[in-house]
Structure formats: structure tokens, C-alpha cells
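Undergrad: sequence first, then the predicted structure:
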There are 2 protein chains.
Amino acid sequence: MLGNVPQLSTPHTSPLLRFEQQLIARSADIEAWFRRQWLSTPPPFYASVDLRNAGFKLAPVDTNLFPGGFNNLAPSMEPLCIQAIQSAVERACPTCNGVLLVPENHTRNKFYLENVASLFELLREAGFHVRIGTLNPEVREATTLSLEISGRQLTLEPLVREGDKVRVGDFTPCLVLLNNDLSAGIPEMLQGISQTVSPPPAAGWHARLKTHHFGYYRDVATEFGKIAGIDPWWVDPRFRNCGQINFMKREGEECLVSNVELLLEDIREKYAEYGIHEEPFVIVKADAGTYGMGVMTVRSADDVREMNRKARTHMSSAKEGREVTGAILQEGVHTFETWGPDNHAAEPVVYMIDRFVVGGFYRVNEKRSNQENLNAPGMSFKPLPFENCCNHPDLSVAPDARPNQFYAYGVVARLALVAAAREIAGLG
Amino acid sequence: MLGNVPQLSTPHTSPLLRFEQQLIARSADIEAWFRRQWLSTPPPFYASVDLRNAGFKLAPVDTNLFPGGFNNLAPSMEPLCIQAIQSAVERACPTCNGVLLVPENHTRNKFYLENVASLFELLREAGFHVRIGTLNPEVREATTLSLEISGRQLTLEPLVREGDKVRVGDFTPCLVLLNNDLSAGIPEMLQGISQTVSPPPAAGWHARLKTHHFGYYRDVATEFGKIAGIDPWWVDPRFRNCGQINFMKREGEECLVSNVELLLEDIREKYAEYGIHEEPFVIVKADAGTYGMGVMTVRSADDVREMNRKARTHMSSAKEGREVTGAILQEGVHTFETWGPDNHAAEPVVYMIDRFVVGGFYRVNEKRSNQENLNAPGMSFKPLPFENCCNHPDLSVAPDARPNQFYAYGVVARLALVAAAREIAGLG
């Protein structure tokens, strides 16, 4: 059990309390609405969603279709993950008995390797033959790693293409499960294969745009607002975008400046409507990027104009050297959840498999403020597993009691999941 | 957590250890086999299975398609139950938003009422509108009970038939969930209604025969034996039956005597094969009965002949006055699991919703021996919730370690679930 869970440290809790009250009062209708969504648009195999909780607003800021961090979930969530994996595999490939897990290439990230080991175990415990096939050209034969953190063993095998199938060794499964976000494009190895690949390679970060996702999300939030009887803004971070940006060459700067101004004005209006006396801010990030690189907090148009050279270089350095060409300007959502005696900012990350919420954790960052992106690489965040699974409200306690707060996380995360499902369906 | 879990107190553990080793070694193939079963024969909405663990044998002795006792599961199983209910309802009725729960009529059994309250809460937390419609003619209007044990409130409403639908008040749901085993037949109220009724009324105890179930189970165990590489006898209690028995009139006694002798001989042979030095015994029970009434332990043909008047009356008194007309003679499986300092006999009861194992408990009976039926009515058994959910093996510990013992329970219980699925499909 956690002795010390994040606390909301804001006076602006009344809209959220009303939000939580609405979620509980209408939970059967809300769940029915979700069920209708899944009947018309199947959920992705899995996803994780970063949320920010400002007290007056609870919104997703990032949706990952190739989630890492399964090692950060509480061990008590394991049975739930297993059950959900059984549903997810059945949906992807009803007669499937074997799963080939394709991870990211970075075999030296000890945190990521723990995630791969956890996913591997979950799939095996769910009753499937599982092997790990890597795209990493450095892995030329089956290689067993001893993991530094847990001491677990992990065997990576080189992925082999044969005809219209991929295999490792003599193992040619019917399902290829991607845990690689394909930032660099769809590798030849995976192009045109006859096996089911889930999530679809077309949903990789080589093609995904945050603005597409949040465009779908905006519609989802609007529909959900009617069902839940709430202002969609409570769950929806507004955004604008600029298509052609080169930070080094200062191209597109005027687009950024004018859109930041418009967005800040928008936020100010909503803050005024609810009597919120916080300073609005905008997050500028690569429309196509991953991993929290190239993320900047701006509070005024001047912040954009005065961006110094170092910040520019940072903004240009998205994952795998990809040049930033488009940017999303997203309404900044304060994180008013803090953890520990030093009040470190904490943001919830919710995990879903198939249509089920299966747990999550708080990302606690000791070095970042509540107006910054907390998902910085490496060791600078600390995972704090949720003690609740978020899949149901507790009608016997107050709307803002912990189990119901977790349920609210689960609802908002699933809104992002609905948006992701539509986004994937839209890929054709 | 449980400080004191039941222990196996038998020297005959080597076949079971081999069984558990096989389950783990072949778990992916076993799970694949289960998945194939569900693709061809859908699982019942829910079920509970009573198991007996003799160390040399782990077998189901009773399969309940209208399970009570959901209140006996550990609170930590709640999220798992909720996820499984979402799958079960989706399977029964994909667009369902409302569930009408129809409980047993005995509104004075405080333990059963706790079960109804737990089921109600699980359904509601799974995101459905739920109300309870009773067939009990004494309930003429909505009646709220305060439950003696938990203090929870439970509202029972009289079930109303209107055209080809049933409703309570203004609530006409698409799914009627039976938690009433219909021992007395299918009530007119439920005949020919257009709503989905699950489990199907034809699977009520008015029509079910234990010999049918265990006939299906025998086939299932044989098929499973091939997949798991085990002697099916390890999981299969042999049985014989006598069709026309009237205990009071001593009709059919010779059938009983000869079949008891044949069955005991059968068991002696298997005991000799495995070097088991226990006394074989046979359980005689009503083929159509419920609730542990009319259950007798016999160790010889003479036990049948010498049955005294009191035992005869007991055997004739199955639930709701139904006369015993057929009997099943089932291989007795010793319960070598004992609990507490006084070594009370304990038998595992495993709960399943849809195709998922969602937990269970030990039925600990302080008054019965390890060769008797432990499911006596009322207060004489003590439920001890499983701390594990049984849905997956733990490959990192010994085959007979607790998590794997629970997995073995879950596998054998699901064999009975496959048999129940075929039994229901066979009803046409």
C-alpha cells in the first residue's frame, strides 16, 4: 500500500467535484456510451494516456499506442491485465496461440527492458506462446539479457522475414504485437506481411500527428459532454497548430506567435468563466514527435519571440533525428497533484488493454514545475503505482474520494482511447 | 491477507505434483485448448464449481450455474469480476444497458441476501442499470431490506409480466440475469419472453441432471488429458447412476447396491495403480437436487442395505420438496486440504464469469469429515476467500507453490465450465 499518495493542492476543485459527481450519477449511461463506441470502432490493442489534473480540469495530454511502462503497474493489477490481454488477443486474432512481441530497438534502456519483460510475462501468463523478435540489426542471434533492475532474464531474437511472414527461429505466430512506435517509418521487414500486426504499423509515430489525435479527441469530448452533462472543456485541452516550422531557421515563427496569442486568449476566457486565477500557458511540441523531447512551455507570444538558441536546438531534436516540421500548440493544463513533503508535481498515467482500464501510475518528477512536461527521459521521473484499478466507481464513498478519483482518470483516459480508435479507423 | 491457508495433509501428493508440473509446462497449449472450446461453445454467464483435492486427485464434484456466494470472494477480486461481467453481458446481449437480476425466493437467508447485494453492486459497478425483480409472491411492492451482516440496503421489486417482456416498475431491460436455479420449474412469468434470459431457464435444476453434466465432463476430461498429458482420472470423478429410486419405499435398492459395488471396484483398481492406501468411498446424491440436501457417503454395498429410516428420509428431502427419483453415484474424492489448528476439512469453490476465473473461497466445515459433503446449509461452513485469482500460473515458483495450486484449481474448474457449456448447448 502507498502511505503517501499525491494530493490535489488547488482551491479550484469545485468544477472537478461537480465533474466527479456527474460521472458517478451518470456512470451507467457513460459506460453504455463507451460500449456503443467499441461496437462501432474497436479499441486499440493497448494504450497509455498521460493525464493532467488541474482540479478545475482533468485532461489527456498524450496518448501512446505503443505503451512502455507496464513494469510500473502495481503487481496486484496483473490478473486484470491478463484477463484484458485475453480479450485483446481474441479481438485481434480469435484463433491465435502465438504472439511475437516486437519491442523498441534501444536495448540499453534498462527501464524500457523491464517493460518488455513485464509485457512478455503478462502475455505468457495469459496463455500464449510468446517470443520477442527485435528489429535491432545489432542482435544477430538469440541473445539473453539479465535485467539490471529486476534480475529477470529476457531473450531477444532477430526478426526474420520469410515470404509474407515474419518469424523468430522456428516460431511463426499469427499475431505480431508491436511495442515499437515505428518513429523511423515502417521497416521493410514488416511491410505487407500476412500476419495480423497490432497496433497497425500505419499508426506508428512516423505517420501519427498529435493534432489528428486531439482533433478526434475534441469530437469525442463534445459527444461525451452531452452524455455526462458537463462542459467538454473540463476534459479537453484546446489546441492549434502550425504546419511548417523550422525552429533553427526561425521559419514559421509568426504562425506560432499569432496562434499562441489566440490560444492564450481562449484559455483566459474559460478561466474567467470559472473564476480561475491561474496564469494560462501553452505547451508547444512537435506534432509528430515522441518521448517528451522538443516540448516547451510558453506563457506569452514574447516567450516564442525570445526563444534562445539552446531552446531552438532542443525543439529541433525530436526522436531519431527527425526534423520538426509541424508543431502542436496545446492548452497547458496545470498539474495540481503533488506528492511527498517537497510537493513534487505528479501526473497520472493510465494504462488500457483492449477496452479495459488495467491500472496506472503517477509520474512524479522532482525537477519539473507543475507547468512543465513531466515525461523527461531517463531517471528523472519516479513511478508511483496506482493502488486502484480505475475500472469502476465506488458509490458508497464521496464523489471525490480516491476510488472515484481513479474512476474519473479511467473515464478520461478512455475518452482518449475512443479518439485513438477513431484515429486508427481513419487510417483506412 | 490470510495468515493461515488450508494445507494438504496427505502423503499422496506425487501424482498431483506431476499434474501441476504438466499444467505449467503445457499452460499455453491448455489455454489454447480452452480458447478453442469457447469459440465452438460459448461459456455460461457465470458458474461456481466445488472442487475436492485429495492430493492424488483434483476433481469437481458439483457445478452450479446459478452461483450464490459472490459475497465470499475477496474484495480484491472486485475489479476482475467487473471486467468479466462486462464481457459476459456483451456476449449475452451486445447492446445491453440494463440488467434485471432475478434471485432465489428465500428472502430470509441472510447469507444468500449478501450474495444478491454483492452481485447487484458488481453489475452496477460494471456500468449497467440494475434492478432486482423477485418471483416471490410475498413481495407485492418495492421492498428495501437492511442486510443483517453487512448493513447494506437491498431493494426487491415484484417481477411484472407485460406482453412478451418482464419488468419491474418502469424498468424493462434487455437482459434478465437468473440467480434462481428454477428447481420448481420455469415460472409462467418467464416462459416465452423476448428478452435475453441468461443462463437459459432450460438449464434450471428442474431439468438439469448431475449425470448429464458429469457425462459431458467425462468427455471433456478425456480430451483435456490428451492436451495436458495426464491420466484423465486425476481430474474426473467416476460415476454411475440409477434411474428409478424411491428411498422411502426401498425401490431401486438393488440397482444402488450393484452399482456401488462396481464403482468401488473401479476406484480400488485406480488406487492400486497409483499405490494409494485410502479407503474408497462413494457419494450418493439426488441426480436432480441442489443445496447439498440428500447427500450420503457409502463405503460398501452394505452401507446402502443398512441405510436406516432417518437416512432414507434425508435422502428423500431434496430442495422444495421435489421427490428424488434418480440418483448419481459419484466416486468420493477425499478432501485432504485442512485448515486451522483443528484440521477442519476445506474444499475450494471456484467462481467463473464468462470464460474467466474471478476468484473463489475455501468452504471450511467444522463438523464434517474429509469424506463427507461440506456444503451443508446455513452456518455450518465458513468461507475463506482465496488470496489469488487463479487465472494464471506463476512460472517463477515451484509447481506446487500456492499461485500454481490456485491455477490448477482454475484449470479444473474451467473443465467443468466447458462441460456446462456443452450441457447448455445440448439443451437446444
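TA: Cool, got the structure.

Undergrad: so which bits of stretch A:21-37 are buried?
TA: For stretch A:21-37, burial by neighbour count (16 or more other Cβ atoms under 10 Å in any protein chain shown) applies to A:21-24, A:26-28, A:30-35, A:37. To be clear about C-beta, it is placed using only N, CA and C from the backbone, and glycine gets the same treatment.

Undergrad: from these, which is closest to B:Arg91?
TA: A:Arg35 (12.5 Å; Cβ to Cβ).

Undergrad: check which helix or strand covers the closest one.
TA: According to DSSP states H and E, A:Arg35 maps onto helix A:27-40.

Undergrad: what lies in contact with that helix?
TA: With Cβ atoms under 8 Å, 6 or more residues apart in numbering or on different chains as the contact definition, helix A:27-40 has outside contacts at A:23, A:223-224, A:227-228, A:355, A:393, A:407, A:411, A:414, A:418, A:421, B:90, B:94-95, B:97, B:124, B:126-129.

Undergrad: end-to-end on stretch A:382-402?
TA: Start and end residues of stretch A:382-402 are separated by 20 Å (Cα to Cα, to the nearest Å).

Undergrad: narrow the contacts of helix A:27-40 to those that are buried.
TA: For these, buried by 16+ other Cβ under 10 Å: A:23, A:224, A:228, A:355, A:393, A:407, A:411, A:414, A:418, A:421, B:90, B:97, B:124, B:126-129.

Undergrad: about what we covered before: point out the ones among the contacts of helix A:27-40 that are inside helices.
TA: The subset of the contacts of helix A:27-40 located in helices under the criterion DSSP state H comprises A:Leu23, A:Glu223, A:Phe224, A:Ile227, A:Ala228, A:Tyr407, A:Val411, A:Arg414, A:Val418, A:Ala421, B:Glu90, B:Arg124.

Undergrad: farthest-separated two in those?
TA: A:Ala421 and B:Arg124 (25.6 Å).

Undergrad: close enough to count as contact, A:Asn136 and A:Asn109?
TA: No: contact criterion Cβ atoms under 8 Å: A:Asn136 and A:Asn109 do not qualify, at 12.0 Å.

Undergrad: ignoring the adjacent residues along the chain, who's closest to whichever residue of the stretch 201-350 of chain A sits closest to chain B?
TA: Among all residues of the stretch 201-350 of chain A, A:Ile227 sits closest to chain B, at 12.1 Å; criterion: Cβ to the nearest Cβ. Using Cβ to Cβ, 6 or more residues apart in numbering or on different chains and skipping residues adjacent in sequence, the residue nearest A:Ile227 is A:Trp33, 4.8 Å away.

Undergrad: so what's A:Leu159 up against?
TA: Counting by Cβ under 8 Å, 6+ apart, A:Leu159 touches A:Leu100, A:Val102, A:Gly133, A:Thr134, A:Leu135, A:Val166, A:Arg167, A:Val168, A:Met189.

Undergrad: what kind of secondary structure is the residue lying closest to it once chain neighbours are set aside in?
TA: Nearest residue to A:Leu159, sequence neighbours excluded (Cβ to Cβ, 6+ apart): A:Gly133, at 3.8 Å. The three-state label given to A:Gly133 by DSSP: H, G, I helix; E, B strand; the rest coil is strand.

Undergrad: how close does A:Ala207 get to A:Pro200?
TA: Applying Cβ to Cβ, to the nearest Å, the value for A:Ala207 to A:Pro200 is 10 Å.

Undergrad: which residues are in contact with each of these two?
TA: In terms of Cβ under 8 Å, 6+ apart, A:Ala207 and A:Pro200 are both contacted by the residues A:Leu427.

Undergrad: lowest-pLDDT helix or strand in chain A?
TA: helix A:309-316 (a mean of 68; mean pLDDT, DSSP states H and E).

Undergrad: what's the neighbour count on A:Leu16?
TA: Close neighbours of A:Leu16, defined as other Cβ atoms under 10 Å in any protein chain shown, add up to 23.

Undergrad: what's the angle from the helix or strand encompassing it to helix A:27-40?
TA: Remark: A:Leu16 resides in helix A:14-25, with elements defined by DSSP H and E. If you take axes from the mean of the first three to the mean of the last three Cα atoms, to 10 degrees, helix A:14-25 sits at 80 degrees to helix A:27-40.
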